[in-house]
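Trainee: Have a look at this prediction, sequence included:
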Amino acid sequence: MKYPGSSGGGPKTDDPGSGKGGRSHGDERSLVGSPRANKTTSQRHDPIEEAPALGREAARVLRLNDMGGWTKAAPELYPHQWSWDSAFIAIGLAHLDTRRAARELETLFAHQWRTGKVSHIVFNPDAPPESYFPGPDHWSCAASSPDAPPAPPYTSCLSQPPVHAIAALRIWEAARFAGEEEVSCARAFLGRIYPGLLSWHRYLMTYRDPEGSGLVTIYHPWGSGTDNSPRWDAPLEALAVGEVGPYPRYDLRHVGSPSQRPTNAEYDRYLWLVDLIKRAHRCDEATIYESHPFLIKDVLTSAILVAANEALTEISSLVGAPEDDRVLISGWMARGRRGLEGCWDRELGLCLDYDLRAEEPIRVRTVAGFAPLIAGSLSRTRLDALLRTFDSPDFCEHRGLRWPLPPSTSPEDPGFRPRSYWRGPTWPVVNWLLWWSLVRAGEVGRAERLRRTALEQLAVRGFGEYFDPFTGQLLGSDAQSWTAAVALDWLAGETLPKAGLAS
Ligand code: 9WN
């Protein structure tokens, strides 16, 4: 696989009207340059011209959240190590310090479960007890599973999309521009991480796909990484929720308005599902599969797994793994692509998740529907159909958009909410996945437009967690690590300061 490279080679905000100083559409700034210039919407930002300063800012965010061998997902809202965040973070760090990037992944994989599962959170034992809920105490019983890694640190027993092999390969690619010593360190790193990556993918292809469908099953919305997406509304609605007791919402302290985060009703359901998972013989996978009321074939996770398997094939060659491994991995890719093909909805021009309990596809229009693009190797007809949807008023050409970037949920879908987390805002990491996939699909022009637009958004608004697609307002956390990381990857190939993490 040729790894796509670019160019071919603050403050929290409040909802408008809340009277608490949110930035409005016309109140835009340039994040880059010193002092920060107040540019208005009428002024154009050329993120490429601003690349050195933007790159410096991104490196500063990663330094701010650096915990030594791993990176907090965000300064306050997320004080632990999240699985897919760390993978994206490693992709960004690869351009600053390939060894530190490698360490990001190795720290995460040091807490891999015996089944091969990479936990969705590795809890920071030093985080203040009232900083994140549900924290290590809530998950501590997962440590009594015979499959769990030694604790502390505690881990959750969920997982997130498997971006890690893609990140490991990116580290290798970046090391090749950094000199011989870096190349040999990166090769050694690939050798060390390869068995962990293989067993992670094997876990997803077996425990999470006992049907052999090629599609990964999730048993909690947090496992999808797109927590309150309307994709999960119907299955969550169908739950008979028991007593979850009072619980804190520390997350709401760190965002401008509760409307930016999932609702209490959604949290009741999340916590109820966690209780059920913990009761299932201490998070035993087979028991969960038998008894759990929320079991979904997640097309986005499944597609990321196909792409990650493609990266893993390349890694397996680089480390001289046995031919049998390559045969196994290529079988997984073929199975994954077949599975996704079976989820295609012609009318919507998107791929749909499948609810195993309700035995029906989930007909909502979200960015997850572009999953086949991420999985790659599409027929021209399928690619064109996806691009038509991508460029349509359902997504990038919706007339109200501040920037032509894909909203997490289509504004034409009844579940759309422009300011609520995964129900509408644009997410830079999703833009990165789509950009990367477009490059791999040979859609270089479209990819380049997406890269520049996504960078412009960050140059104007900052390294936010997500953004209101209509006003462009920064939402959720500022200084979000994975946002800074994908910006660094987008900027690689432009003139970047050799800042490193230490400076
Ligand atoms: C729950 C850290 C994580 C991301 C997820 C995002 C959000 C957590 C939360 O933050 O999830 O895992 O508390 O909302 O949905 O994708 O990995 O950035």
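Mentor: Now that the structure is in, tell me what you want to look at. Remember, it's a predicted structure, so these values are computed and weren't measured experimentally.
Trainee: Quick one: mean pLDDT over stretch 269-282.
Mentor: What stretch 269-282 shows for mean pLDDT is 93.
Trainee: Now it: buried residues?
Mentor: Residues of stretch 269-282 classed as buried: Arg269, Tyr270, Leu271, Trp272, Leu273, Val274, Leu276, Ile277, Lys278, Ala280, Arg282 (neighbour count, 16 or more other Cβ atoms under 10 Å). (C-beta placed from N, C-alpha, C; glycine too.)
Trainee: got the CA positions of the host helix or strand of the second one in PDB?
Mentor: Following DSSP states H and E, the helix or strand that holds Tyr270 is helix 264-279. What follows is helix 264-279, C-alpha atoms only, in PDB (Å, rounded to 0.1, in the frame of the first residue of the first chain):
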ATOM      1  CA  ASN A 264     -28.700  11.900  30.500                       C
ATOM      2  CA  ALA A 265     -31.100   9.500  28.800                       C
ATOM      3  CA  GLU A 266     -28.300   8.300  26.600                       C
ATOM      4  CA  TYR A 267     -25.900   8.000  29.500                       C
ATOM      5  CA  ASP A 268     -28.500   5.900  31.400                       C
ATOM      6  CA  ARG A 269     -28.400   3.500  28.500                       C
ATOM      7  CA  TYR A 270     -24.600   3.600  28.200                       C
ATOM      8  CA  LEU A 271     -24.200   2.800  31.900                       C
ATOM      9  CA  TRP A 272     -26.800   0.100  31.800                       C
ATOM     10  CA  LEU A 273     -25.000  -1.600  29.000                       C
ATOM     11  CA  VAL A 274     -21.700  -1.400  31.000                       C
ATOM     12  CA  ASP A 275     -23.500  -3.100  34.000                       C
ATOM     13  CA  LEU A 276     -24.700  -5.900  31.700                       C
ATOM     14  CA  ILE A 277     -21.200  -6.400  30.300                       C
ATOM     15  CA  LYS A 278     -19.700  -6.600  33.700                       C
ATOM     16  CA  ARG A 279     -22.300  -9.100  34.900                       C
END
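Trainee: Show me what that helix is in contact with.
Mentor: Helix 264-279 is contacted by residues 134, 138-139, 141-142, 157-158, 219-222, 227-228, 236, 239, 241-242, 244, 247, 249, 262, 283, 288, 291-294 when judged by Cβ atoms under 8 Å, 6 or more residues apart in numbering.
Trainee: Let's see which of those residues end up in helices.
Mentor: Mapping those onto helices (DSSP state H) picks out His138, Trp139, Leu236, Ile288, Ser291.
Trainee: Now rank those residues by neighbours and give me the top one.
Mentor: When neighbours are counted by other Cβ atoms under 10 Å, Trp139 leads the ones in helices among the contacts of helix 264-279 with 24 neighbours.
Trainee: Next, the buried residues of the helix or strand where Ala53 lies.
Mentor: Ala53 belongs to helix 51-64 when assigned by DSSP H and E. Residues Ala51, Ala53, Leu54, Gly55, Glu57, Ala58, Ala59, Val61, Leu62, Arg63 are the ones in helix 51-64 that count as buried (16+ other Cβ under 10 Å).
Trainee: mind listing what the nearest residue to Pro248 once chain neighbours are set aside touches?
Mentor: Excluding the flanking residues, the one nearest Pro248 by Cβ to Cβ, 6 or more residues apart in numbering is Phe133, at 5.1 Å. Phe133 makes contacts with Tyr247, Pro248, Arg249, Tyr250, Asp251, as judged by Cβ under 8 Å, 6+ apart.
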